[in-house]
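Asks: only geometry, no sequence info:
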């Protein structure tokens, strides 16, 4: 058994954890900016009066935020699926020789 295995496993686990935290933080920053900017746009719209134009950026950006959320969820939940697919493919390749 190699002495470095636990250290390498720990490093791999830390890299994986950092990647997952980065994905989550990216979405949370996007969500925070979305809320703050749209609150500001609605405040400006309410102050100036007139037609409710602030709803249009909300809808467009909301769609982008929803897609970002779905991609984030799939990338975090799909990690196990990806590993199972790789293991399955490796088994098939071993069988072929």
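Replies: Here it is on my side, so go on. Here the structure is a predicted model, which means the values were calculated and not measured.

Asks: shaky segments in the chain?
Replies: Residues of the chain that meet the criterion pLDDT under 70 lie in 1-5.

Asks: need the longest helix for it.
Replies: For the chain, the longest helix by residue count, based on DSSP state H, is helix 5-48.

Asks: how far off centre is the helix or strand following it?
Replies: Using DSSP states H and E, the helix or strand that directly follows helix 5-48 along the chain is helix 55-96. Centroid displacement of helix 55-96 relative to its chain, using C-alpha atoms, centre = their mean, to the nearest Å, is 9 Å.

Asks: helices and strands around helix 55-96, which ones?
Replies: Packing contacts for helix 55-96, counted by 3 or more C-beta pairs under 8 Å, 6 or more residues apart in numbering; DSSP states H and E, involve helix 5-48. (Glycine included, C-beta is placed from N, CA and C.)

Asks: and the helix it packs on, what does it pack against?
Replies: Counting by 3+ C-beta pairs under 8 Å, 6+ apart, helix 5-48 packs on helix 55-96.
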